[in-house]
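Engineer: got a sequence here, can you model it:
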Amino acid sequence: MKATKLFFIIGLIFLSLTSVLHSQDLAVKNTKFKQQKDGKVLVTYDLLDNPSQKHTINLSLFLPKSKKTVVLAPQNLAGDFGKGIRIGNDKKITWDLLKDFPKGLHGEGFVFEVDAYVQRGGSKLPWIVGGLAVTSGMAYLSWYLLNQEDDLPPPPGFPDDQ
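Structural biologist: Here you go, the predicted structure:
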């Protein structure tokens, strides 16, 4: 019976760890842009990740003629960029192109890059306390189950430990 209890405990630990470690991969998809008549550029994108996460979003422009990437100035952007952005489809950033390039941009092959980072920070104390509570509870449950008397018969259809 002790082997049965041990397998039960290992199963509980495995289930608790897999639920904590489960998360989606961060991804930015469907990035598109459109120049508007007022000289501004509308960039849209989809942000995929764990719904509980907040993200930091940066917007860059690749200039093919000079083969350089320019991180666009936040003061010339509006919309879903910067810190605290949550996941979702059809996120929008409006860039005032003429403030960064007063003469405009000429040429083709421009590529916008939307960079997303999981926002870190905040107190880790709740995670530490929660982890200690789960670990303590699992340790107590293990001790309790392993130290019980084996006077109960095995469940019907379950092989005997002998």
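Engineer: for this structure, what spans make up the helices?
Structural biologist: Ranges of helices in the chain, per DSSP state H, are 2-21, 97-100, 125-146.
Engineer: what mean pLDDT would you report for the second one?
Structural biologist: So that's helix 97-100. Mean per-residue pLDDT for helix 97-100: 88.
Engineer: buried stuff in that helix?
Structural biologist: L97 (16 or more other Cβ atoms under 10 Å). (C-beta placed from N, C-alpha, C; glycine too.)
Engineer: what stretches of this protein score poorly on pLDDT?
Structural biologist: For the chain, applying pLDDT under 70 flags the ranges 1-24, 121-127, 129-130, 132-133, 136-137, 139-145, 148-162.
Engineer: run the last query once more with 90
Structural biologist: Counting by pLDDT under 90, the chain shows low-confidence ranges at 1-27, 35, 37-39, 49-53, 61-74, 97-112, 117, 119-162.
Engineer: what ranges do the strands span in it?
Structural biologist: For the chain, the strands defined by DSSP state E cover 27-35, 40-48, 55-63, 68-71, 77-79, 82-85, 88-96, 111-118.
Engineer: could you dump these to CSV with mean neighbour count and distance to G104?
Structural biologist: CSV is the format used below for the strands of the chain (neighbours: other Cβ atoms under 10 Å; distance: least, Cβ to Cβ, whole Å):
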stretch, mean neighbour count, distance to G104
strand 27-35, 13, 10
strand 40-48, 19, 11
strand 55-63, 18, 13
strand 68-71, 12, 14
strand 77-79, 17, 17
strand 82-85, 14, 25
strand 88-96, 17, 12
strand 111-118, 16, 16
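Engineer: would you reformat these as JSON lines and include distance to K103?
Structural biologist: Formatted as JSON lines, these follow (distance: least, Cβ to Cβ, whole Å):
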{"stretch": "strand 27-35", "distance to K103": "15"}
{"stretch": "strand 40-48", "distance to K103": "15"}
{"stretch": "strand 55-63", "distance to K103": "14"}
{"stretch": "strand 68-71", "distance to K103": "15"}
{"stretch": "strand 77-79", "distance to K103": "20"}
{"stretch": "strand 82-85", "distance to K103": "27"}
{"stretch": "strand 88-96", "distance to K103": "14"}
{"stretch": "strand 111-118", "distance to K103": "19"}
